[in-house]
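[1] structure here, sequence nowhere to be found:
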């Protein structure tokens with residue numbers, strides 16, 4: 001594991017550990033941990049194709065989706 005991977009995984013591990021302590025199943029805790037930071041394995045077939053030609057397309061799309069989802073759950 002390199003430094004970049006360790007930095008990426010640290011908040012996910014902390015979220016996973018906290019979710020398990022709160023009584024969530026391992027599967028739920030894993031899903032919650034995966035959603036803490038940008039998950040570059042998400043994107044689907046078309047998103048990955050667009051990402052080849054447009055820098056940071058996937059990251060920008062995920063960021064906007066996360067913002068809208070959080071806003072819907074906790075509106076101002």
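    Perfect, I can see it now. Computed from a prediction, not measured in an experiment: that's the story for all the values here.

[2] count of neighbours near residue 16?
    Using other CB atoms under 10 Å, residue 16 has 21 other residues around it. All C-beta atoms are positioned from the backbone trio N, CA, C, and that covers glycine.

[3] got the contact list for the helix or strand of the chain with the lowest mean pLDDT?
    For the chain, counting by mean pLDDT, DSSP states H and E, helix 44-53 ranks last in confidence among helices and strands (a mean of 81). Under the criterion CB atoms under 8 Å, 6 or more residues apart in numbering, residues 43, 57, 58, 61 lie in contact with helix 44-53.

[4] now the residue positioned nearest the centre of the chain: how far from residue 19?
    Residue closest to the average C-alpha location in the chain (CA atoms, centre = their mean): residue 35, at 3.2 Å. Shown here: residue 35 relative to residue 19, a distance of 11 Å by CB to CB, to the nearest Å.

[5] returning to what we had before: any idea how far the closest residue to the residue nearest to the centre of the chain other than its chain neighbours is from residue 6?
    Using CB to CB, 6 or more residues apart in numbering and skipping the chain neighbours, the partner closest in space to residue 35 is residue 66 (7.8 Å). To residue 6, residue 66 is 23 Å away according to CB to CB.

[6] these two - which one has more neighbours?
    A count of neighbours by other CB under 10 Å puts residue 66 above the other of residue 66 and residue 6, at 13 against 10.

[7] which SS state does that one fall under?
    helix (DSSP: H, G, I helix; E, B strand; the rest coil).
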